[in-house]
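Student: What would the 3D arrangement of this be:
(one chain, ligands or ions: 1)
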Amino acid sequence: MSPLLTSPVAIAGGGIGGLTAALGFLAAGVPCTVLERRPSLPSGGFGIQLPPNATRILFSMGLGPALDKASVRPVAREIRRWSDGALLGRLPLGEEAEARYGAPYLTLRRADLLRILLGALPPGVVRFGSPVDLALRPPGLLVGADGLHSAVRAALSADEPRFIGYTAYRALLPGDGLAPVVTVWLGPGRHVVTYPVPGARNVVLVTAGPLEGVFDDWHDPVRSLARAAAPAMQHALFTRDRLPAWHRGRLVILGDAAHPMPPFLAQGAAQAVEDAAALVAAGPDLAAYEAARRPRAERVAAASAVGAHDYHLPDGPAQRRRDERIAASGLPDQDWLFA
Ligand SMILES: Cc1cc2nc3c(=O)[nH]c(=O)nc-3n(C[C@H](O)[C@H](O)[C@H](O)COP(=O)(O)OP(=O)(O)OC[C@H]3O[C@@H](n4cnc5c(N)ncnc54)[C@H](O)[C@@H]3O)c2cc1C
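Tutor: Down below sits the predicted model:
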């Protein structure tokens, strides 16, 4: 084992990235502790889509049975038009995608995902109610998996999160026996995503301002969803500058701390999972970790950012061209993301 990793690793942040990294380090025989600011796991929360590039890693850690039990396997993602619900494109996400990528596409509650990750760790690894204190640096590696407002990142860069002009309104509505489909409605300046999780329907409404009345001129299923979802939990969307480096000395960052991205490709947590696996594989070689992950994470972040423009095009020729691209797109176009 490397000299650096003979010391225990401290991970700031017990979110999806931090807990996945802890599982990886422990499996590799590296002792580690997670310092989580919250007093306990969040019990509420909303849904999350886990694409095959994330489930492949999580299943390889032995979490497949627990994840299967807690999730829905959507058969497709359908993209629809805002005004009449016309189907613009349908991407298969079920057996065909699983066969192609060797791992399933899942939707589940975030709280269940965190519970499964925590449950796979030995007791005591996660210290809740413990905000990281950079003045008391542990002797070994300190991994900043502490999200968008990362304290560990602040030791690497003075940049601040920047609002991208859109807010996501999230709600978990009662719903059982819903069709296992991820549905996205695109319209001028706004879009809506909904998918089932066990026993409920997750709804995300994205718009540039307040929610009230914004979807009143959309076709009826969306109108009703927006009314049922209000008052939803408001979540302003941020990005951050590209960092000169993701590590310095014994500090390294992953997930949203390193590369926050708008949620338009549903990939932020998946990229945090990929980071965690790559960091564990790189061991003490933090430059190798960054070289392995940075080009891909930045490509995914850039593609996600395009959604802020593309998803929200006004009716007209540019929107028609976009819809033609959506109609022509199939699973092979997702290979770069899901494989
Ligand atoms: C509306 C919306 C929908 C999304 N949908 C998806 C999706 O479907 N699929 C997907 O892959 N991604 C999705 N994302 C993105 C995803 O939520 C994030 O990218 C992901 O949660 C990042 O994980 P993380 O572990 O890096 O950070 P976080 O999940 O933010 O976890 C950071 C953890 O660090 C803790 N922390 C913070 N500061 C400190 C400190 N000083 N000391 C100790 N602990 C600290 C926090 O309490 C938290 O537990 C979505 C995002 C949004 C906003």
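
Student: Helix or strand for the nearest residue to L178 once chain neighbours are set aside, just tell me which one.
Tutor: Closest residue to L178 apart from its sequence neighbours, by C-beta to C-beta, 6 or more residues apart in numbering: P196 at 4.0 Å. All C-beta spots, glycine's among them, are computed from the backbone N, C-alpha and C. Assigned by DSSP states H and E, P196 belongs to strand 190-197.

Student: Could you confirm whether any residue of the helix or strand just after that strand contacts the ligand?
Tutor: Following strand 190-197 in sequence order, the next helix or strand is strand 200-207 (DSSP H and E). Yes - remark: strand 200-207 sits within contact range of the ligand at V204, by C-beta under 6 Å from any ligand atom.

Student: do stretch 227-242 as well
Tutor: Yes - Stretch 227-242 lies within reach of the ligand by C-beta under 6 Å from any ligand atom, at H235.

Student: And the contacts of that stretch?
Tutor: Residues from elsewhere that reach stretch 227-242, judged by C-beta atoms under 8 Å, 6 or more residues apart in numbering: 46, 148, 157, 159-171, 173, 203, 205-206, 211-212, 259-263, 298, 301, 305.

Student: let's see it at 6 Å
Tutor: For stretch 227-242, contacts defined as C-beta atoms under 6 Å, 6 or more residues apart in numbering pick out 148, 159, 161-164, 166-171, 173, 203, 211, 260, 262.

Student: I'd like to know which of the residues you listed are buried.
Tutor: With burial judged by 16 or more other C-beta atoms under 10 Å, the buried subset of the contacts of stretch 227-242 is P161, I164, Y166, T167, A168, Y169, R170, A171, V203, L211, P260, P262.

Student: from the stretch 1-150 of the chain, which residue is nearest to the ligand?
Tutor: G15 (2.1 Å; C-beta to the nearest ligand atom).

Student: got the residue ranges for the helices in the chain?
Tutor: Assigned by DSSP state H, the helices in the chain fall at 16-27, 52-58, 64-70, 95-101, 110-119, 151-154, 220-229, 268-282, 286-310, 317-328, 335-338.

Student: Take these and write them to TSV, including mean neighbour count, mean pLDDT and distance to L87.
Tutor: What follows is those, written out as TSV (neighbours: other C-beta atoms under 10 Å; pLDDT from 0 to 100; distance: least, C-beta to C-beta, whole Å):
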stretch	mean neighbour count	mean pLDDT	distance to L87
helix 16-27	25	98	32
helix 52-58	23	98	23
helix 64-70	15	98	29
helix 95-101	16	97	18
helix 110-119	20	97	29
helix 151-154	20	96	41
helix 220-229	17	92	13
helix 268-282	24	98	26
helix 286-310	17	96	18
helix 317-328	13	97	9
helix 335-338	15	97	22
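
Student: T183 is nearest to which of those?
Tutor: helix 220-229 (8.5 Å; C-beta to C-beta).

Student: still on that earlier bit, restricting to C-alpha, output the strand holding P196 in CSV.
Tutor: The C-alpha trace of strand 190-197 is given here as CSV (Å, rounded to 0.1, in the frame of the first residue of the first chain):
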residue,chain,number,x,y,z
ARG,A,190,-39.4,26.0,-18.8
HIS,A,191,-39.3,22.2,-18.5
VAL,A,192,-40.8,19.5,-16.4
VAL,A,193,-39.5,16.0,-15.5
THR,A,194,-41.5,13.3,-13.7
TYR,A,195,-40.8,9.7,-12.9
PRO,A,196,-42.0,7.1,-10.5
VAL,A,197,-40.1,6.0,-7.4
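
Student: Would you tell me which residues of the stretch 201-339 of the chain are close to the ligand?
Tutor: V204, H235, G255, D256, A257, P263, A266, Q267, G268, A269, A270, A272.

Student: ok, back up a step: ok, which pair from the buried ones among the contacts of stretch 227-242 is furthest apart?
Tutor: Farthest pair in the buried ones among the contacts of stretch 227-242 (C-beta to C-beta) is P161 and V203. Separation: 24.5 Å.

Student: which one among the buried ones among the contacts of stretch 227-242 gets closest to the ligand?
Tutor: A168 (3.7 Å).

Student: Would you check that the closest one makes contact with V204?
Tutor: Yes - using C-beta atoms under 6 Å, A168 makes contact with V204 at a distance of 5.3 Å.

Student: Okay, strands next: where are they in the stretch 101-250 of the chain?
Tutor: The residue ranges that make up the strands of the stretch 101-250 of the chain, judged by DSSP state E, counting those that start in this stretch, are 106-109, 126-127, 142-144, 162-174, 181-187, 190-197, 200-207, 233-239, 247-248.

Student: which of those strands sits most buried?
Tutor: Comparing the strands of the stretch 101-250 of the chain by mean neighbour count (mean count of other C-beta atoms under 10 Å), strand 142-144 ranks first with a mean of 28.

Student: what's next to that strand, contact-wise?
Tutor: A10, I11, A12, A21, S150, V152, R153, R250, L251, V252, I253, A257.

Student: Format these as TSV; extra columns: distance to L178.
Tutor: Converted to TSV, the contacts of strand 142-144 look like this (distance: C-beta to C-beta, whole Å):
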residue	distance to L178
A10	42
I11	36
A12	37
A21	33
S150	36
V152	39
R153	38
R250	47
L251	44
V252	41
I253	37
A257	34
